[in-house]
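Engineer: Okay, predicted coordinates and the sequence, questions at the end:
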Amino acid sequence: MPASSTHSERELLRLVAPCGLYCGGCLAFSGGTIRGHARALGDLLGPNFATYAERLSAMNPALGDYPQFAQLLEFLASGSCQGCREGGCQLGNCGVRACILERGGSFCGLCADFPCENPGLPEGLLPSWRKNGERIREHGPAAFLELVRTKPRYP
């Protein structure tokens with residue numbers, strides 16, 4: 001599998017799950033863009049911004065909601081998932097990782113039996129699994145990553 005010019009094969013496998021979900025855009029992923037941006041924003045605001053937000057809330061009432069925002073920002077900055085290839089699927093009932101390990105492949109879309117009858121995914125993910133698998137098969141994993149890495153993870 002050729003790696004893109006911007007991502008090594010190892011990085012590609014870290015960022016894209018075997019089922020074709022883009023881990024790099026997931027809010028739970030420790031190496032993801034959401035976590036990185038949330039941490040950067042938290043760093044820019046600094047540890048004392050709550051005091052300023054409280055004082056400035058008279059001028060802009062939205063700042064009165066800063067404590068709730070800070071709680072959400074902290075959550076978004078705390079992603080700890082290593083991706084299903086490293087730590088197991090966050091879905092809990094996904095059978096894709098076990099199947100890929102058993103078959104020795106990298107992505108469902110590159111499997112000779114794709115699309116199989118029962119990939120072991122929650123029903124709500126089946127349309128994405130099929131679409132992503134077809135895109136991986138058609139374009140290759142590296143090109144697929146380039147297609148999805150700048151798109152919203154939660155359209």
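Structural biologist: The structure has been received and is ready for your questions.
Engineer: helix, strand or coil for the residue located most distally from the centre of the chain?
Structural biologist: Computed with C-alpha atoms, centre = their mean, the residue of the chain farthest from its C-alpha average is residue 58, at 37.6 Å. Secondary structure, DSSP: H, G, I helix; E, B strand; the rest coil: residue 58 is coil.
Engineer: Which parts of this structure are strands?
Structural biologist: For the chain, no strands are identified by DSSP state E.
Engineer: quick one: low-confidence ranges for it?
Structural biologist: 1-7, 88, 92 (pLDDT under 70).
Engineer: and the closest residue to residue 132 other than its chain neighbours, how many neighbours?
Structural biologist: Once flanking residues are discounted, residue 132 sits nearest to residue 20: 2.7 Å by C-beta to C-beta, 6 or more residues apart in numbering. (Each C-beta comes from the backbone N, C-alpha and C, glycine too.) Around residue 20 there are 24 other residues, counting by other C-beta atoms under 10 Å.
Engineer: And for residue 16?
Structural biologist: 26.
Engineer: do the same with the one 5 residues further on
Structural biologist: Under the neighbour criterion other C-beta under 10 Å, residue 21 is assigned a count of 23.
Engineer: what sits against it?
Structural biologist: 125, 128, 129, 132 (C-beta atoms under 8 Å, 6 or more residues apart in numbering).
Engineer: thought the last one was touching residue 19?
Structural biologist: This means residue 132. Yes. Counting by C-beta atoms under 8 Å, residue 132 touches residue 19, with 7.1 Å between them.
Engineer: okay, now the domains of this protein?
Structural biologist: The record assigns the chain these domain ranges, following automatic domain parsing: 1-25+84-155, 32-78.
Engineer: Return the most buried member of those domains.
Structural biologist: Ranked by mean neighbour count, these are led by domain 1-25+84-155 with a mean of 16 (mean count of other C-beta atoms under 10 Å).
Engineer: And it, how far out from the chain middle?
Structural biologist: Put simply, domain 1-25+84-155 sits 11 Å off its chain's centre (C-alpha atoms, centre = their mean, to the nearest Å).
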